[in-house]
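1. Next come a sequence and a model predicted from it.
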Amino acid sequence: MIRRILSFILLVWAIGFIWFAMMLPRPAGDDTTDGIVVLTGGGGRIERGLEALREGWSPEMLVSGVGREVKPREFAAEYRIENSLMRCCITLGYDAVDTRTNASETAHWVEDGGKTSLRLVTADYHMRRAASELRRQVGSDITIVRDAVPTEPSLAMLFLEYHKLLIGWVGNLLDL
């Protein structure tokens, strides 16, 4: 009996991992939102957020998880952001160090700005966990548009991220 249960659990785990690895989230379209949140940590994320901002899909953007040593002027120079856009529309968030604190930092930004919808920009392999954590922090009243940046993650990266997602789900269930 225990072998059957363990075999079933292993089968569910394997099917879940295959789904996770094969069905990575995709970039969003041109849906408009009240704000963009970009989670730092990988190439193409900030560029995608800037594209959404410049296209007018959202009026402002939070970059969450910026290193404390990064100055706004340096950030603007690195990403070729004009001063007017930097001043009016981009907030650099220095408080986050991981996905959970990204969500917390974003939740404060959403609440302070009275936003009802967000475009979440992060890597495709990270999107499910980031969106789940963000949903937990901002609640169900906020619309989250998932805008995944395509990557080519290694099998090890997928394996790690899948398990972090599972641990997060279990943690959320235990919070009930």
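-> Noted; the coordinates are in hand. Residues are numbered from 1 along each chain as shown.

2. Surely residue 109 and residue 62 touch.
-> Yes - contact criterion C-beta atoms under 8 Å: residue 109 and residue 62 qualify, at 4.8 Å. To be clear about C-beta, it is placed using only N, CA and C from the backbone, and glycine gets the same treatment.

3. which of these two has more neighbours?
-> Here residue 109 and residue 62 are compared on neighbour count by other C-beta atoms under 10 Å; more neighbours surround residue 62, at 26 against 20.

4. quick one: the more buried one is in a strand?
-> Yes - counting by DSSP: H, G, I helix; E, B strand; the rest coil, residue 62 is found in a strand.

5. any idea how far residue 115 is from it?
-> 10 Å (C-beta to C-beta, to the nearest Å).

6. Find residues that contact each of those two.
-> Common contacts of residue 62 and residue 115, defined by C-beta atoms under 8 Å, 6 or more residues apart in numbering, comprise 35, 109.

7. Could you list the residues in contact with the stretch of helix or strand residue 121 belongs to?
-> Counting by DSSP states H and E, the element that carries residue 121 is strand 117-123. Residues outside strand 117-123 that contact it (C-beta under 8 Å, 6+ apart): 28, 31-39, 41-42, 44-45, 48-49, 52, 57-58, 106, 110, 127, 130-131, 134, 138, 142-149, 151, 153.
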